[in-house]
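1. Return atomic coordinates for the entry below.
(one chain, ligands or ions: 1)
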Amino acid sequence: MVEFGYEQLVKATQSFCPSRLIGKGSHGAVYQGVLQDNRVVAVKRSSINGVEAQRDNLKKLENEISILSSLRQSCNVISILGASHDSVQNDKLLVMELMPNGSLHDLLHVAATPPSWPQRVEIALQIARAVQFLHESKPSVIHRDIKSANILFDSNWTAKLCDFGLAISPADSLSQATQPAGTIGYLDPSYTAPNKLSTKNDVFSFGVVLLEIISCRKVIDVTKAPASIVEWAIPLVKKQRVVEICDSRIPFPMYMESRIRRILSVASRCLSDKEERRPSIGEIIVAMETCSIEPVRSITTWNSVIQYLVQLKRRRKLSGEYCIRSAVYSTRQGEDVNSHVSTGKVVLLKEMLADVRLK
Ligand SMILES: Nc1ncnc2c1ncn2[C@@H]1O[C@H](COP(=O)(O)OP(=O)(O)OP(=O)(O)O)[C@@H](O)[C@H]1O
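-> Numbering: from 1, shown residues only. Take a look at the predicted model:
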């Protein structure tokens, strides 16, 4: 991990200029920065608006830096580029890759166009891989704050798990005394004391995110009864009323019905009251990978085939008109109608072949 000079990051963010502010969280603010080598990065600062960081915020950011720098690289976990510390201002900075496409929370609840079903399945799988990476790291890491707002998209729309402020390694002796923490709506109800810390706490939160991805319902929605997404969706999953759970803004995809059923069944197991009944992230990946989708390329191919068939039908209709026009012209000129009909067919065939070659 690179130790950046504090002044270098002050310059990169134009002195933490408000126009560079991406957003504020409970333990800091994130700015867009441009490094000397022109790399565009995200810089998380423990103090907000220059007010000296509260001890708690500072500790969370230090924890985030320590956990992220102990992990290997993973395609579905945010990459840390470095950190910086200013002892005069008692400020800590975390430099990480910039995620320019916002959060899963915004994609589901704010964006005008809802994500497609294949996109949702792919995102769910990417998050599962991030959790698997953490739980199977040596020593393992428990994130403790898995939620749609902490899943951000990079420039290729790959989902990455971020915000490691609450993350903890159960191997760390400090974890024995760490009080339960997380976000209401995603927090495992059985995580009530430090000794209840387990990877299954993350599995529960992951189950909530799965329900959110499929339904696009807020995890706590006080305008609805029941307000909790878990209390609302799980009885419906048990009664096999899957269509009622699915986001109604886009048509229910019959061709993906079994995949969606499987994801909801995984979610229901993750949300089991009894921790021991919840699957491990390894089991979740196995269940989800069998329901993963064909690569987008194949969908494009199918679209091309459908488009081609539509064009073919249109051309056939046109060819009929062309033959009739030729025939009318020929009869006027006293020529053999059949010769023109076959010429029309040859022209059409040539065009179709050119079309296929282009594709
Ligand atoms: N690497 C990044 N690239 C782009 N935006 C980021 C990055 N990291 C965080 N953000 C955005 O910056 C804002 C603050 O993030 P931060 O992780 O501090 O808090 P949070 O997740 O919003 O809240 P909390 O800490 O309360 O859970 C959020 O809007 C988040 O989406």
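2. Show me the beta-bridge partners of whichever residue of the chain sits closest to the ligand.
-> Here the residue of the chain nearest the ligand is residue 25; by CB to the nearest ligand atom that distance is 1.9 Å. In this view, the C-beta of every residue, glycine as well, is placed from N, C-alpha and C. Residue 25 forms beta bridges with residue 28, as assigned by DSSP bridges.
3. what about it, how many residues close to it?
-> As a burial measure, residue 25 scores 16 neighbours (other CB atoms under 10 Å).
4. In this structure it contacts residue 162, no?
-> No - taking contacts as CB atoms under 8 Å, residue 25 lies outside contact range of residue 162: 9.9 Å.
5. joint contacts of those two?
-> Here residue 25 and residue 162 share no contacting residue, scored by CB atoms under 8 Å, 6 or more residues apart in numbering.
6. Okay, now the unreliable bits of this protein?
-> Along the chain, the parts satisfying pLDDT under 70 run over 48-53, 291-359.
7. rerun at 50
-> For the chain, applying pLDDT under 50 flags the ranges 293-298, 300-301, 304-305, 321-359.
8. near the ligand, which residues of it?
-> Residues of the chain that fall close to the ligand, judged by CB under 6 Å from any ligand atom: 22-28, 30, 42, 44, 78, 96, 98-99, 103, 145, 149-150, 152, 162-163, 165.
9. Taking those, please make a ChimeraX selection of just the buried ones.
-> Remark: buried members of those, expressed as a ChimeraX selection using 16 or more other CB atoms under 10 Å:
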select :25,27,28,30,42,44,78,96,98,99,103,145,149,150,152,162,163,165
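10. Which parts of the stretch 1-150 of the chain are strands?
-> 2-3, 21-25, 28-34, 40-45, 80-86, 91-97 (DSSP state E, counting those that start in this stretch).
11. Can I get the ones you listed in JSON lines including distance to residue 212?
-> Output for the strands of the stretch 1-150 of the chain, formatted as JSON lines (distance: least, CB to CB, whole Å):
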{"stretch": "strand 2-3", "distance to residue 212": "35"}
{"stretch": "strand 21-25", "distance to residue 212": "19"}
{"stretch": "strand 28-34", "distance to residue 212": "22"}
{"stretch": "strand 40-45", "distance to residue 212": "24"}
{"stretch": "strand 80-86", "distance to residue 212": "27"}
{"stretch": "strand 91-97", "distance to residue 212": "24"}
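12. looking at those strands, which is buried most?
-> strand 91-97 (a mean of 24; mean count of other CB atoms under 10 Å).
13. Determine the set of other helices and strands touching it.
-> Here strand 91-97 touches helix 6-12, strand 40-45, helix 55-70, strand 80-86, going by 3 or more CB pairs under 8 Å, 6 or more residues apart in numbering; DSSP states H and E.
14. correct me, but residue 207 touches residue 267?
-> Yes - between residue 207 and residue 267 there is a contact under CB under 8 Å: 4.6 Å.
15. mind listing what residue 265 touches?
-> Per CB under 8 Å, 6+ apart, neighbours of residue 265: 237, 287.
16. Apply 10 Å and report the result again.
-> 237, 238, 240, 242, 287, 291 (CB atoms under 10 Å, 6 or more residues apart in numbering).
17. would you say it is within a helix?
-> Yes - applying DSSP: H, G, I helix; E, B strand; the rest coil, one finds residue 265 inside a helix.
18. ok so, going back, adding distance to residue 196, write the helices and strands packed on strand 91-97 out as a markdown table.
-> As requested, the helices and strands packed on strand 91-97 are exported to a markdown table (distance: least, CB to CB, whole Å):
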| stretch | distance to residue 196 |
| --- | --- |
| helix 6-12 | 38 |
| strand 40-45 | 29 |
| helix 55-70 | 20 |
| strand 80-86 | 29 |
